[in-house]
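Visitor: sequence? don't have it. structure:
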């Protein structure tokens, strides 16, 4: 076949190729539209729920304030409120009972934080054992052994001379070892996330200031968080820091714990309900209506929300359930939570 004949045959068949392509595209999009139409006309599948606990209490979020005094503008990547899921697990937090053999454990904790337990005795108020002297104080819950410890570092100015900041690995290791030594390092915290916060202690103001530059720090904090639950992150009552932490001062070959706290409440993995959740539009409407809890941020007349997602609210005091909340993040470190469970299933 000559080039002339080839060119003639190509020109002759070209209209048929165009017609075939157009027919194929018409059929392809006709099928897609048919499938889309049939999907839209199918009845919505019911959301699985197991509301075994009946109505549950609205989560108590300590230290928060109402969201009612602010106008909120949504400016997220999605461009609209997001709904992660229509139902979620609700975990029972078993009630706490005082253990009869608590004396041995509270003395162990006191000894490991620096008390001379041969001479130091505790006072018992309700279910809190308190060790205290002129240098330090520790409060221990005799039911679950949650504790908070503070060293009177303002009375020890030499503590902050010749400090060093070791590697993140060493910092985390020392914090973990400390919690293990006092016998209060829950399994969930051991498998969860950690976050390091750097501080600079100002003796004149007697205040720890957060700094992002380790070179300016003389104090370091390790925050411990639960791991994700059902694929959703766990947020603390203060969001940026955890209620489970160890704060330390490092020297060349030693370190001193100056503050520490574990306020952790074990959830049951056997007693779990499944509750319907409000959608993203309803959650954002609740925020605007003043039914949200502002965790952080300046009191401004208008706040722009940059991110919205679903997570579980961790507890810093005992509550009956571990349940999800919608988290709203905005400019200037604004953070707010809105309960995620449908209102019909929440007690007033």
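Guide: Structure received. Quick caveat, the model's predicted, so the values are computed rather than measured. Numbers count the residues shown, from 1 in each chain.

Visitor: I'd like the average pLDDT over whichever strand or helix holds residue 308.
Guide: In this structure, residue 308 sits in strand 302-313 according to DSSP states H and E. The pLDDT scores in strand 302-313 average 96.

Visitor: Show me what whatever helix or strand comes next after it is packed up against.
Guide: On the C-terminal side of strand 302-313, the nearest following helix or strand under DSSP H and E is strand 321-322. Under the contact criterion of 3 or more CB pairs under 8 Å, 6 or more residues apart in numbering; DSSP states H and E, strand 321-322 touches strand 87-92. The C-beta positions use only the backbone N, C-alpha and C, and glycine is treated the same way.

Visitor: Taking their axis directions, the strand it packs on and strand 302-313 sit at what angle?
Guide: With axes from the mean of the first three to the mean of the last three CA atoms, to 10 degrees defining the directions, strand 87-92 sits at 60 degrees from strand 302-313.

Visitor: Give me the domain ranges for this structure.
Guide: What automatic domain parsing lists as the domains of the chain is 1-42, 56-93+270-347, 146-262.

Visitor: Mean neighbour count and distance to residue 120 added to those domains, as TSV?
Guide: Listed next are the domains of the chain as TSV, based on neighbours: other CB atoms under 10 Å; distance: least, CB to CB, whole Å:
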stretch	mean neighbour count	distance to residue 120
domain 1-42	9	70
domain 56-93+270-347	18	27
domain 146-262	17	13
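
Visitor: CSV for the ones you listed, including distance to residue 137?
Guide: Output for the domains of the chain, formatted as CSV (distance: least, CB to CB, whole Å):
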stretch, distance to residue 137
domain 1-42, 63
domain 56-93+270-347, 19
domain 146-262, 6
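
Visitor: For residue 119, find the nearest of those domains.
Guide: With CB to CB, the closest approach to residue 119 among the domains of the chain belongs to domain 146-262: 18.0 Å.

Visitor: quick revisit: between the domains of the chain, which has the poorest mean confidence score?
Guide: domain 1-42 (a mean of 60).

Visitor: thinking again about what came up before, can you say which of the domains of the chain is nearest to residue 112?
Guide: Closest among the domains of the chain, using CB to CB: domain 146-262, at 4.7 Å.

Visitor: Spatially central, which residue of this protein would that be?
Guide: Nearest to the geometric centre of the chain sits residue 235, at 1.4 Å (CA atoms, centre = their mean).

Visitor: how much space between the spatially closest residue to that one that is not a sequence neighbour and residue 205?
Guide: Excluding its sequence neighbours, the residue lying closest to residue 235 (CB to CB, 6 or more residues apart in numbering) is residue 311, at 4.8 Å. Using CB to CB, to the nearest Å, we find residue 311 at a distance of 34 Å from residue 205.

Visitor: check contacts around residue 310.
Guide: 84, 85, 88, 232, 277, 324, 325, 326, 327, 340 (CB atoms under 8 Å, 6 or more residues apart in numbering).

Visitor: out of those, who's nearest residue 304?
Guide: Using CB to CB, the contacts of residue 310 come closest to residue 304 at residue 327, 15.4 Å.

Visitor: any idea which helix or strand carries the closest one?
Guide: Residue 327 belongs to strand 324-330, assigned by DSSP H and E.

Visitor: Which strands or helices does the helix or strand that comes right after that strand pack on?
Guide: For strand 324-330, the following helix or strand on the C-terminal side (DSSP H and E) is strand 334-339. The helices and strands touching strand 334-339, judged by 3+ CB pairs under 8 Å, 6+ apart, are helix 280-288, strand 293-296, strand 302-313, strand 324-330.

Visitor: quick revisit: of all the domains of the chain, which lies closest to residue 134?
Guide: Here domain 146-262 is closest among the domains of the chain (CB to CB), at 7.1 Å.

Visitor: I am finished for the moment; much appreciated.
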